[in-house]
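A.B. asks: model this:
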Amino acid sequence: MLGANDGIISTASLIVGVAAAAATQNGVLIAGVAGLVAGALSMAAGEYVSVSSQSDSEQADLSRERRELSENGEFELDELAEIYVKRGVDQPLARQVAVQLMAKDALGAHARDELGISEITTARPVQAALTSAASFSVGAAMPLLMVVVSPPGALIPFLSAASLGFLALLGAIGARTGGANVLRATARVTFWGALAMALTAGIGKLFGTIV
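C.D. replies: Model (predicted):
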């Protein structure tokens, strides 16, 4: 949802700004496509770098934990048992569980219960990058479609209204999915989307007039 919202707001704002500068519809469309490509690549690159850093940290933590297990296994056993005690397990049972888990997969047990790293939560940079690029592209495609189908001479109001409608819909869906207040979430994303488009329209109008 966040990537799609970014795609809608940034692309719609770009298109409205270019259109306000009195550009032709073809020029507006080219600018919108360029914005989609640049935004999707930027999202992918940023997500890849961020998640790669997380992955590097996870690998460093696992390497350190592997070394500690080989150098001082008894201490690591006590440490794992203490984690279970803090979660409410009796000391004898906690130690028994720690012994059995470490006998099966010592590194996996410590990664999961001490470091918070599991197969589900482990960082996947490529997957994160592709997901971000795809979600941004889906959102950015909506205002681009509006450029194609908008009535002649009414591009800005038509595009603005449609984009705000898309934002409101996504905000409502995201809020309902997450159990949040639908009205508050919808109003928030719509307000900031409208503000972004209004500012870029003003800038486009100003520079269009000067040029």
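A.B. asks: following the lengthiest helix in the chain, which helix or strand shows up next?
C.D. replies: Scanning the chain for the helix with the most residues, using DSSP state H, yields helix 25-71. Sequence-wise, the next helix or strand downstream of helix 25-71 (DSSP states H and E) is helix 73-86.
A.B. asks: got the angle between that next one and helix 25-71?
C.D. replies: Taking axes from the mean of the first three to the mean of the last three Cα atoms, to 10 degrees, one finds helix 73-86 and helix 25-71 inclined to each other by 120 degrees.
A.B. asks: for helix 73-86, what is the average pLDDT?
C.D. replies: Mean pLDDT, computed over helix 73-86, is 87.
A.B. asks: so for it, what gets flagged as buried?
C.D. replies: Neighbour-count burial for helix 73-86 flags 76-77, 80-81, 83-84 (criterion: 16 or more other Cβ atoms under 10 Å). Where you see a C-beta, it was placed from the backbone N, CA and C, and this is true even at glycine.
A.B. asks: swap in stretch 124-136?
C.D. replies: In stretch 124-136, counting by 16+ other Cβ under 10 Å, buried: 125, 128-129, 132-136.
A.B. asks: closest one to Pro143 out of these, please.
C.D. replies: Phe136 (12.2 Å; Cβ to Cβ).
A.B. asks: picking up where we left off before, now tabulate the buried residues of stretch 124-136 in a markdown table and tack on distance to Ala187, pLDDT and secondary structure.
C.D. replies: Shown next, in a markdown table, are the buried residues of stretch 124-136 (distance: Cβ to Cβ, whole Å; pLDDT from 0 to 100; DSSP: H, G, I helix; E, B strand; the rest coil):
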| residue | distance to Ala187 | pLDDT | secondary structure |
| --- | --- | --- | --- |
| Pro125 | 35 | 85 | helix |
| Ala128 | 30 | 87 | helix |
| Ala129 | 32 | 90 | helix |
| Ser132 | 26 | 90 | helix |
| Ala133 | 29 | 92 | helix |
| Ala134 | 27 | 93 | helix |
| Ser135 | 22 | 91 | helix |
| Phe136 | 23 | 92 | helix |
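A.B. asks: in JSON lines: those residues, plus distance to Leu115.
C.D. replies: Output for these, formatted as JSON lines (distance: Cβ to Cβ, whole Å):
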{"residue": "Pro125", "distance to Leu115": "19"}
{"residue": "Ala128", "distance to Leu115": "19"}
{"residue": "Ala129", "distance to Leu115": "24"}
{"residue": "Ser132", "distance to Leu115": "25"}
{"residue": "Ala133", "distance to Leu115": "29"}
{"residue": "Ala134", "distance to Leu115": "30"}
{"residue": "Ser135", "distance to Leu115": "29"}
{"residue": "Phe136", "distance to Leu115": "31"}
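A.B. asks: looking at the residues you listed, spot the one nearest Ser70.
C.D. replies: For the buried residues of stretch 124-136, the minimum distance to Ser70 (Cβ to Cβ) is 28.2 Å, reached by Pro125.
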